[in-house]
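K.L.:
sequence first, then the predicted structure, then my questions.
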Amino acid sequence: MGRIYSGMPAKQLGAEGWRKPWSGGNGGSCVEALKLADGRVALRQSTDPDGPALIWSHSDISLFIQAAKAGKADFLVA
């Protein structure tokens, strides 16, 4: 595999290993996550599996999840 970068086509990361930790009750549209070998995390839209993947560092995804758990993203759904 070549260079992994944010915005790359998700299909270049392969079809195996993608998980849907945030799915449910939304008509099949959800975020899928893939933990990369170097610890980074790739996110893609389930309805567009060949579309762009956002690549997050391990520390950035950890901070995002901690902040969401603490309610700092609640404004997005209020």
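P.N.:
Structure's in. What do you need?
K.L.:
going forward, measure contacts and count neighbours with C-alpha atoms only.
P.N.:
Fine.
K.L.:
ok, and what's touching stretch 38-48?
P.N.:
10, 28-36, 51-58, 61 (C-alpha atoms under 8 Å, 6 or more residues apart in numbering).
K.L.:
buried set for that stretch?
P.N.:
Residues 40, 41, 42, 43, 44, 45, 46 are the ones in stretch 38-48 that count as buried (16 or more other C-alpha atoms under 10 Å).
K.L.:
any idea what sits nearest the spatially most central residue of the chain, other than its immediate chain neighbours?
P.N.:
Nearest to the mean C-alpha position of the chain, by C-alpha atoms, centre = their mean, lies residue 43 at 2.0 Å. Using C-alpha to C-alpha, 6 or more residues apart in numbering and skipping residues adjacent in sequence, the residue nearest residue 43 is residue 33, 4.6 Å away.
K.L.:
what's the answer for residue 44, then?
P.N.:
Going by C-alpha to C-alpha, 6+ apart, residue 44 has residue 53 as its nearest residue, at 4.9 Å.
K.L.:
that neighbour: neighbouring residues, count only.
P.N.:
26 (other C-alpha atoms under 10 Å).
K.L.:
do you know how far it is from residue 74?
P.N.:
24 Å (C-alpha to C-alpha, to the nearest Å).
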